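Trainee: compute the structure for the input listed below.
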Amino acid sequence: MPSSTDSVRIDLGERSYPIAIGAGLLATLARRADLPRGTAALIVTNTTVGPLYGAQLAQALAPHYPQVHTVTLPDGEEHKDWQTLNRVFDALLGHGCDRKVVLWALGGGVVGDMTGFAAACYMRGVPFVQVPTTLLAQVDSSVGGKTAINHPLGKNMVGAFHQPQLVVCDLATLASLPPRELAAGLAEVIKYGPIADMELFAWLEAHLDALLAREAGALAHAVRRSCEIKAAVVGADEREAGLRAILNFGHTFGHAIEAGMGYGAWLHGEGVAAGMVMAAELSLRLSLVDAAFVQRLRALIGRAGLPVRGPVLDAGDNAGRYLQLMRVDKKAEAGEIRFVLIDGPGRAVVRAAPDALVREVIDLCCAP
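Mentor: Numbers count the residues shown, from 1 in each chain. Down below sits the predicted model:
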C-alpha cells in the first residue's frame, strides 16, 4: 500500500508534472513549494463542491498569489457547454487577469475538463492545476491533459490537449461523495484491469467491499495504481495517436448512452460500465476473449453497483440509434466506428467491427 502522501509522475519532458496522492493534502497545500507562480489565482468550482472545500483552497492559495478569485459553476454534466464555459472567461476578464493567472479546478470531471479547456484558450494558454474531488476525476479525467466541453451531438467533441502543472488528489474529499458518484468512479478504476493489469482486476475483486466502504488504504492503492497505468500510457502517447485510445475501453458505447439519454441522466461512469460489458461482448463475438472473462467483468461491475445493461435509446431502432451516435466519436475514421476491445485479458486493441455484429451486441445488452 502507498504511504499517506505519495506521488506519481507524468513524464512528458518539459510538460512533466506530479500527481500528489494522500489524505488531507488540501490542509497542507500552502506549504508546497511546487505551486505554479502567478499574478492571481482563479478557483473554478461548482455549487456542490465549492461550499465544502472552496474556502479551504482559497486560504491555502492566499500566501502564494496576490489575488485569489473564485467562480462557481452550476453542477452537472448538462452544464458542460459553451454557455457555462463563458462564465469562466467572464470571471477572468472581469477581474482583469493577465496571462500569468493560474486556474485551479476544484471539483469532479466536469469542472476539471472545463477549467482545463478555459486555461488552454484564455490568452492562448495559461497554467492550471487540478484538484479532483471525485474518485472518477482522481483516477482518470484529471490526469493527462484532455480538456473539453460537450456538443449536443457528441461528448467531449470540442476541446484541446492542455496539461496541468500539478494534480492534487486529496483522498479525504472522497468522504463527501454520494454512493452513486463513488460507484461511477469505480467504473474507471475497473477499466484499467482488462486493458492493462489483470493483477489489479483480481485485487479489485478481493477488495471491492473495502472500496465501497471507503477504507483509506484501499482507496489510496486504487487511485495510485490507476494513476500509474494512465501515466505510463499518456507518457507514451500524449495526444492519442495510438496507444492512449485504449483508455477509452467502454467509452464508445458509454458516450452514446450519455448523449442519447441527455447529458446528466446517466453519470459518465455508469455509461462506461454498461459500455464495458458491451465492448467485452463484442470482443467475445470476435473470438478475442472467452465467455468466462465476460462474465467475470460483468460480475465485478454489478457488485460495484453499476449498470450492466444499457438503456433503450430508441424503441423503433435502438441499435441504429446507438450506431448513429457512435459514429460521432473521436476514434471514428471516415465514418467507421473503431472500438476498444479486449485482445485477451490485460491487453486492449482498437479496431472496427461489422455493424451487424455490433447490432447483435446492442440488442443483447440493451433489452428491457
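
Trainee: next up, the contacts around Cys365.
Mentor: Taking C-beta atoms under 8 Å, 6 or more residues apart in numbering as the definition of contact, the neighbours of Cys365 are Ala274, Val277, Met278, Glu281, Arg309, Gly310. All C-beta atoms are positioned from the backbone trio N, CA, C, and that covers glycine.

Trainee: which ones among those residues map onto helices?
Mentor: Cross-referencing the contacts of Cys365 with the helices (criterion: DSSP state H) gives Ala274, Val277, Met278, Glu281 as the overlap.

Trainee: most neighbours, which of these?
Mentor: Going through those with other C-beta atoms under 10 Å as the criterion, the one with the most neighbours is Met278, at 26 neighbours.

Trainee: how much space between the nearest residue in space to Trp82 that is not next to it in sequence and Thr115?
Mentor: Computed as C-beta to C-beta, 6 or more residues apart in numbering, the closest residue to Trp82 that is not its neighbour in sequence is Ile149, at 6.5 Å. Between Ile149 and Thr115 the distance is 11 Å, computed by C-beta to C-beta, to the nearest Å.

Trainee: which strand or helix spans the residue nearest to Trp82?
Mentor: When secondary structure is defined by DSSP states H and E, Ile149 falls within strand 146-151.

Trainee: contacts for that strand?
Mentor: Counting by C-beta under 8 Å, 6+ apart, the neighbours of strand 146-151 from elsewhere in the structure are 77, 80-82, 84-85, 112-117, 119-120, 156-162, 240, 259, 263.

Trainee: for the residue nearest to Trp82, name its beta-bridge partners.
Mentor: Using DSSP bridges, the beta-bridge partners of Ile149 come out as Val158.

Trainee: number of residues surrounding it?
Mentor: Taking other C-beta under 10 Å as the neighbour definition, Ile149 ends up with a count of 21.

Trainee: could you do the one 10 residues further on as well?
Mentor: By other C-beta under 10 Å, 18 other residues sit near Gly159.

Trainee: leaving out chain neighbours, which residue sits closest to the most centrally placed residue in the chain?
Mentor: Here the mean C-alpha position of the chain is nearest to the C-alpha of Ser141 (C-alpha atoms, centre = their mean), at a distance of 2.9 Å. The spatial neighbour of Ser141 that comes closest, neighbours along the chain excluded (C-beta to C-beta, 6+ apart), is Gly109 at 3.8 Å.

Trainee: does the one you found touch Val143 like I think?
Mentor: No - judged on C-beta atoms under 8 Å, Gly109 makes no contact with Val143 at a distance of 10.9 Å.

Trainee: more neighbours: which of these two?
Mentor: Set side by side, Gly109 and Val143 show unequal neighbour counts under other C-beta under 10 Å, the larger going to Val143 at 27 against 24.

Trainee: who's in contact with the more buried one?
Mentor: Counting by C-beta under 8 Å, 6+ apart, Val143 has contacts Ile10, Ile19, Gln130, Val167, Cys227, Lys230, Ala231, Val234.

Trainee: dihedrals phi and psi, it?
Mentor: phi -110, psi 130 (degrees, to the nearest 10).
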